[in-house]
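> sequence? don't have it. structure:
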Ligand SMILES: [Zn+2]
């Protein structure tokens, strides 16, 4: 039941806060019998309680079946969902430093409440500045760090240990044990934050007061190598295709029932994506973990030095932070290693090769594994295929990553993602 409410809440939240869509859809949601109404882990798993009194109250009202009550409940739940997303996006977990986790949690809650106050109704009992004698004006202007300082000055002590999760305090909460859901890696997290920033720039004027400033300072924090950003955005596009079924002949395996939104914003559900009327945007299910398949081809020909190859293997690890698995292929003029990589330790220390160069062979091998993205690491001294690789009629994105001392001269025009390793 609470699952249904959260499902509805996600859609309400996206409609009311479109700039927050990325975390709302990308952070996985789980359910647990826990005291807190909701929480968030460091890697972005949002968990709702199945037993908290507010959750129970929501269920009761929801069952009453009146449309206006359901909307109210969905909005309150959307408030909570957005609240958890904001803890994640605003990086409260890593900003705590040496501060008291419990009081820090309160300071963060006060700020987040203020950011959402005008946008969505909060459930009863939400922590707000007024409870501590802080004026709205002060909270709007202040950073979380300043709110924390003020609480300290006021001699506030938190009676009960507050820990809404490691996504707020950095300290693992008791309910976090045994969560099977995989959260998002550091790079994926960065991408989500960037998507929020981008979306906010398009929405200027309709944003909660102070949010722009909060998030502006985040932009300066994340600094990620250029190629990683590129991979992350290509991956995100590919995942969009997998999740939303845009260009696919068949619905992905996971669709047992589908939920979608019409252009007018009406929500409809049906047993499979086949039954959806045209023009409906398919929305992913709550705990969806459908991921594009990534194949990584590493050039191990004689011209690639040991350091180059080690660096490429290191980048394979970066890819693994975003994608939960990949196929690793080493190739000189022939294919040598072909390995499915799920964990860091699956990545070999060295690869076989050392002969001539023909990356066409490596790309062909990659295609045998039915990938959605191919990443090719090479110094560029190789023949390339004449046409883009395809899956059926659909071209597969190929990212060509050139090593720092490599050449881009022979890379054909059709390669749309060409980037050099090591650039920022
Ligand atoms: Zn909170």
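In hand now; what should we look at? Please read all numbers here as calculations on a predicted model, not as lab measurements.

> so who does residue 389 touch?
By Cβ atoms under 8 Å, 6 or more residues apart in numbering, the contact list for residue 389 reads 363, 366-367, 374, 395-396, 398. All C-beta spots, glycine's among them, are computed from the backbone N, C-alpha and C.

> Between which two of those is the distance greatest?
Maximum pairwise distance among the contacts of residue 389 (Cβ to Cβ): 13.7 Å, between 366 and 395.

> What residue in the stretch 201-350 of the chain comes nearest to the ion?
Among the residues of the stretch 201-350 of the chain, residue 214 lies closest to the ion, at 14.7 Å counting by Cβ to the ion.

> What is the neighbour count of that residue?
By the other Cβ atoms under 10 Å criterion, the neighbourhood of residue 214 contains 18 residues.

> Quick check: closest non-adjacent residue to it.
Leaving aside its chain neighbours, residue 214 sits nearest to residue 90 (5.9 Å; criterion: Cβ to Cβ, 6 or more residues apart in numbering).

> one step back: so residue 366 and residue 395 - more neighbours on which side?
Taking neighbours as other Cβ under 10 Å, residue 366 and residue 395 compare with residue 366 leading, 28 against 13.

> what's the helix or strand for that one?
Element membership for residue 366 (DSSP states H and E) is helix 359-367.

> now residue 183, what's its secondary structure?
Assigned with DSSP: H, G, I helix; E, B strand; the rest coil, residue 183 falls in the coil class.

> chain center to the helix holding residue 366, what's the gap?
What separates the centre of helix 359-367 from the centre of its chain is 30 Å, taken as Cα atoms, centre = their mean, to the nearest Å.

> Over to stretch 349-366?
Computed by Cα atoms, centre = their mean, the chain-centroid distance of stretch 349-366 equals 32 Å.

> For the nearest residue in space to residue 51 that is not next to it in sequence, give me its contacts.
Nearest residue to residue 51 in three dimensions, chain neighbours excluded: residue 33, at 4.7 Å (Cβ to Cβ, 6+ apart). Going by Cβ under 8 Å, 6+ apart, residue 33 touches 49-51.

> Am I right that residue 186 is in contact with residue 320?
No: in this structure residue 186 lies outside contact range of residue 320 using Cβ atoms under 8 Å: 11.4 Å.

> more neighbours, those two?
Legend: neighbour count by other Cβ under 10 Å for residue 186 and residue 320, higher for residue 320 (22 against 14).

> in which helix or strand would I find the more buried one?
Element membership of residue 320 [criterion: DSSP H and E] is helix 306-322.

> follow-up on the earlier one: please list the outside residues in contact with the helix holding residue 366.
Residues outside helix 359-367 that contact it (Cβ under 8 Å, 6+ apart) are 295, 297, 299, 327, 329-331, 333-335, 338, 374, 376, 378, 382-385, 389, 391, 396, 398.

> From those residues, keep the buried residues only.
Using 16 or more other Cβ atoms under 10 Å as the burial test, these include 295, 297, 299, 327, 329-331, 333, 335, 338, 374, 376, 378, 382, 384-385, 389, 396, 398 as buried.

> mind checking pLDDT for the residue nearest to residue 51?
Residue 33 carries a pLDDT value of 91.

> tell me the angle of the helix or strand containing residue 196 relative to helix 306-322?
Applying DSSP H and E as the criterion places residue 196 in helix 186-202. Following axes from the mean of the first three to the mean of the last three Cα atoms, to 10 degrees, one obtains 60 degrees for the angle between helix 186-202 and helix 306-322.

> Just the buried positions in helix 186-202, please.
For helix 186-202, the neighbour count (16+ other Cβ under 10 Å) marks 187-197, 199-200 as buried.

> and residue 318, how many neighbours does it have?
17.

> so what's the nearest residue to it once chain neighbours are set aside up against?
Once flanking residues are discounted, residue 318 sits nearest to residue 228: 5.6 Å by Cβ to Cβ, 6+ apart. By Cβ under 8 Å, 6+ apart, the contact list for residue 228 reads 187, 315, 318.

> Wait, a helix at residue 228?
Yes: when three-state DSSP is applied, residue 228 is found to be in a helix.

> how about low-confidence regions in the stretch 51-200 of the chain?
By pLDDT under 70, the low-scoring segments of the stretch 51-200 of the chain are 157-161.

> Going along the chain, name the helices of it.
Remark: helices assigned in the stretch 51-200 of the chain by DSSP state H, counting those that start in this stretch are 53-64, 67-89, 92-95, 101-116, 136-141, 144-153, 166-169, 186-202.
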